[in-house]
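**Q** Sequence first, predicted model second:
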Amino acid sequence: MSNNIPRAASELSQEEETVAAEVWSVDPRTGERRESVGHEATAADVDAAVRAAEAARPALADRETRIALLRAAAEELEAAGEEIIATADAETALGTARLTGELGRTTGQLRAFADEIAEGGYLDLTIDHADPSATPPRPDLRRTRVPLGVVAVYAASNFPLAFSVPGGDTASALAAGCPVVVKAHPDHPAVSELCAAAVRRAAERVGLAELADGVLSVVHGFDAGVELIRHPLVAAAGFTGSIRGGRALFDAAGSRPVPIPFHGELGSLNPVVVTAAAAEERADAIGAGLAGSMTMGVGQFCTKPGLVFVPEGPAGDALLKTLAERVGEAPAGVLLDGRMREAFLEGVRERAALEDVTAPVTPAEGDGRTVAAGFLTVPAARLADPAHGALLEECFGPVTVIARYEAGNGDGEPTEVTGALERLGGNLTASLHIGAAEAEDPTGPAARLLAALTPLAGRVLVNGWPTGVAVVPAQHHGGPYPAATSHSTSVGVAAVDRWLRPVAYQDTPPALLPPELRDENPLGLPRRVNGRRELG
């Protein structure tokens, strides 16, 4: 690659820069600094990281190298697991049990992507041989998919492993053949460096010792994140975070001289509808399940149910009684940082002050730096009032809003619910709890409610809770804006699609074709040839 490419979109006018701010690991339980992990990256640092990544691209083009790298990365993370989990807990207060599971999910993702690359279906190999007798005559066409280039990953706050340095965005990009530069989240810089070091050790193991720093690097600091999205050698980006931050980066990605794909997960309310029949049949179970879902991880899951429609009447009252008991028993917890804690408390105060909003269990400050879970209730009809718009927005932390609606006679969809759903933006999930008889009626009100929820979300659940995302091929983690900025999934092996683009070769001599497109199929990969599937 030519060295004439600008160093970064900001075009540094001088080499002399002020000393960058120091980056500290902070204990959210006390607010005290733990250790320094270095300094925030300057524009020159970002430029160096991206150029090192660009230099690693040719080596990552080798499929067998990538497969070995992903599997070695899983092993290195597991070998360092005790230190990684302890450091992550010290920086996030998420607890060793939760983080142990998250590390397992992270290494499982890496191995799943290795298996996907080995199987080869991700290339979507398609061959249509020439047909001179066709009208018009048809040329020989062969399509594969190639990596986009250097990928910028913006780490999440609430998943220091599975959605951060070694997480799904990084794993899928490496699987595609794209080197990665991660902008670490300020809430867990120390564990970010530990994980990056583990992946670089894996790179050294598979013969990439001289390129390890380019395979995966980490930069710190807000300005570094801005420089990264603007760098002309960055070909795509993945983000998990707030609507405000994600939208700013999305706009920056689109306004570059050469716009790039930006796959962002920005925010989600995750609505839930409980039908009258469901409440009649299992009020206690639904109330208990909701309490567990909304307080899981101190309410810091992107799939937390934030708006729940519950029918008026005795069954709905019983559901809320169980919910109040279970939420009241939930221990107070520490949020990821002080800024999130203040935003949570202010968000609760804003919503609780609205007319006709009550707090059966008040979300509030706990002892020390903790917060206590709670929930708010409001008549569903109030959601039509623009003054109550905050109730239709995500409040990050252990709180949910219960909208009580008039169930009617059960012959049609509750209009208060369907009207409110029409005012919602896109979501990661939408859930519907129905009764036994409703599950057998393909044209009844429950079916119509399911149809109303489907346009709102990337994953639609029936009689379940959205927290907990299975990492399997059929999974889709995304949704209409603002849940995500693209229609791709960030969970499951299909996430590799985000970092690839199709290329068709026409009338290309066999010796010049990529091996996977040659007639003899030397790699033994699955393909579609002249309209027929070949398993390789």
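**A** Yes, it's here.
**Q** The closest residue to G366 other than its chain neighbours: neighbouring residues, count only.
**A** With C-beta to C-beta, 6 or more residues apart in numbering as the criterion, G366 has its nearest non-adjacent residue at 3.2 Å, and that residue is A332. (Each C-beta comes from the backbone N, C-alpha and C, glycine too.) Close neighbours of A332, defined as other C-beta atoms under 10 Å, add up to 16.
**Q** can I get the CA coordinates of stretch 83-91 in PDB?
**A** Extracted in PDB, the C-alpha atoms of stretch 83-91 (Å, rounded to 0.1, in the frame of the first residue of the first chain):
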ATOM      1  CA  GLU A  83      -6.400 -13.100  35.600                       C
ATOM      2  CA  ILE A  84      -8.800 -11.900  32.900                       C
ATOM      3  CA  ILE A  85     -11.900 -12.600  35.000                       C
ATOM      4  CA  ALA A  86     -10.400 -11.100  38.200                       C
ATOM      5  CA  THR A  87      -9.400  -8.000  36.300                       C
ATOM      6  CA  ALA A  88     -12.700  -7.700  34.500                       C
ATOM      7  CA  ASP A  89     -14.600  -8.000  37.800                       C
ATOM      8  CA  ALA A  90     -12.400  -5.400  39.400                       C
ATOM      9  CA  GLU A  91     -13.200  -3.000  36.600                       C
END
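**Q** how about that stretch: buried residues?
**A** By neighbour count on 16 or more other C-beta atoms under 10 Å, the buried set for stretch 83-91 is 84-85, 87-91.
**Q** What pairs with the helix-or-strand element of the chain with minimal mean pLDDT, parallel or antiparallel?
**A** Least confident helix or strand of the chain, by mean pLDDT, DSSP states H and E, is strand 364-365 with a mean of 90. Strand pairing for strand 364-365, using DSSP bridges, gives strand 370-372 (antiparallel).
**Q** Give the buried residues for the helix or strand harbouring A197.
**A** Per DSSP states H and E: A197 is located in helix 189-205. Neighbour-count burial for helix 189-205, with 16+ other C-beta under 10 Å as criterion, is recorded at 189-203, 205.
**Q** So what's the gap between it and the chain middle?
**A** Using C-alpha atoms, centre = their mean, to the nearest Å, the mean C-alpha position of helix 189-205 is found 21 Å from that of the whole chain.
**Q** in terms of contact count, name the helices or strands touching that helix.
**A** strand 22-27, strand 32-39, helix 63-79, helix 81-92, helix 212-215, strand 216-219 (3 or more C-beta pairs under 8 Å, 6 or more residues apart in numbering; DSSP states H and E).
**Q** need the contact list for the residue nearest to G366.
**A** 366-367, 370-373 (C-beta atoms under 8 Å, 6 or more residues apart in numbering).
**Q** and which of those is nearest to P314?
**A** Distance to P314 across the contacts of A332 (C-beta to C-beta) is lowest for A373, with 25.1 Å.
**Q** hmm, back to that, out of the helices and strands packed on helix 189-205, flag the one nearest A430.
**A** Closest to A430 of these, according to C-beta to C-beta: helix 81-92, at 28.1 Å.
**Q** ok, D507 - contacts?
**A** 130, 139-140.
**Q** Any stretches of this structure with poor pLDDT?
**A** Low-confidence segments of the chain (pLDDT under 70): 1-19, 409-412.
**Q** if we can go back for a sec, now find how far off-centre the least confident helix or strand of the chain is within its chain.
**A** Taking C-alpha atoms, centre = their mean, the mean C-alpha location of strand 364-365 is offset from the chain mean by 28 Å.
**Q** Deepest-packed of the helices and strands packed on helix 189-205, please.
**A** Of all the helices and strands packed on helix 189-205, strand 216-219 has the most neighbours on average by mean count of other C-beta atoms under 10 Å, namely a mean of 26.
**Q** Distance to T377 added to the helices and strands packed on helix 189-205, as a markdown table?
**A** A markdown table is the format used below for the helices and strands packed on helix 189-205 (distance: least, C-beta to C-beta, whole Å):
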| stretch | distance to T377 |
| --- | --- |
| strand 22-27 | 35 |
| strand 32-39 | 38 |
| helix 63-79 | 44 |
| helix 81-92 | 31 |
| helix 212-215 | 51 |
| strand 216-219 | 44 |
